[in-house]
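Chemist: got a predicted structure here, sequence first:
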Amino acid sequence: MKDNHMKKLISTFAMLLLFAVGCTDQTNITSPDDSSTNTQKQLVKLPAPQGLSVETIYTESKNINGYTGGYFTEQFSYQSAAGTVTITSKLVFPPNSFSGTKTITQAFNTETASLEFGPSMNFNRAVKYTLTISGIDLSNINTNTLDFAYIAPDGSITGVVYDSINIDAATNSVIVTNARLNHFSRYGFINVIIRGDQ
């Protein structure tokens, strides 16, 4: 009886081991196929400012009470060789999004379709963010892979949740509506480039 029980245990163990090895082999077989799709995420570039050789940064700030909430809308424009580039940024802070009153900053730049926010902090309730950038060259933007993301200090890029992302050819604009920001850092529009599909 003990021999029978022991044989069943050994058989069961052997089958589990075989199944585990089979799954591992399958993973190893499919992994190279997955990694061979070489994708790269890049921030959308803005047209260079006319007459300036370096990136220009424009910063605005506003005091927001985290208990009552509020909003912070700013607009920044500059001239490029192709015309006016306009960046419209709107942060909406729900009540109890953070403690106390803080001086919130938005830093616009003329290099990429991104903004940096401060001070560095996490929110109790997500801040909703709408960003519109008009007057850009849409021919360099892949409409199928345009996304909005968080850009970490180390350069890694992580997508965020939003209501919608749109391209308006009439005004050469890209728009993200109600992106959920759980913390402050740098956020912006990205293109996902798939090597071999270009």
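Modeler: Noted; the coordinates are in hand.
Chemist: please make it C-alpha for all contacts and neighbour counts, starting now.
Modeler: Noted.
Chemist: where does pLDDT dip in this structure?
Modeler: For the chain, the stretches with pLDDT under 70 are 1-39, 52-55, 193-198.
Chemist: any idea which strand is longest in the protein?
Modeler: When the chain is parsed with DSSP state E, its longest strand is strand 122-134.
Chemist: domain map for this protein?
Modeler: 2-35, 41-194 (automatic domain parsing).
Chemist: chain neighbours aside, what residue packs nearest to residue 94?
Modeler: residue 69 (4.8 Å; C-alpha to C-alpha, 6 or more residues apart in numbering).
Chemist: nearest residue to the middle of the protein?
Modeler: The C-alpha lying nearest the average C-alpha coordinate of the chain belongs to residue 149 (C-alpha atoms, centre = their mean; 0.5 Å).
Chemist: which strand or helix spans that residue?
Modeler: Using DSSP states H and E, residue 149 sits within strand 147-151.
Chemist: next helix or strand past that strand?
Modeler: Sequence-wise, the next helix or strand downstream of strand 147-151 (DSSP H and E) is strand 157-159.
Chemist: parallel or antiparallel, list what pairs with that following strand.
Modeler: The pairing partners recorded for strand 157-159 under DSSP bridges are strand 147-151 (antiparallel).
Chemist: C-alpha coordinates for the strand it pairs with, PDB please?
Modeler: What follows is strand 147-151, C-alpha atoms only, in PDB (Å, rounded to 0.1, in the frame of the first residue of the first chain):
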ATOM      1  CA  ASP A 147       0.700  58.600 -26.300                       C
ATOM      2  CA  PHE A 148       1.000  60.700 -23.100                       C
ATOM      3  CA  ALA A 149       3.400  59.600 -20.400                       C
ATOM      4  CA  TYR A 150       5.400  60.200 -17.300                       C
ATOM      5  CA  ILE A 151       9.200  60.700 -17.900                       C
END
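Chemist: could you shift the numbering so residue one becomes 606, and keep it that way?
Modeler: Noted, 606 is the first residue going forward, which turns the last one into strand 752-756.
Chemist: give me the buried positions along the strand or helix carrying residue 666.
Modeler: Assigned by DSSP H and E, residue 666 belongs to strand 662-670. By 16 or more other C-alpha atoms under 10 Å, the buried positions in strand 662-670 come out as 665, 666, 669, 670.
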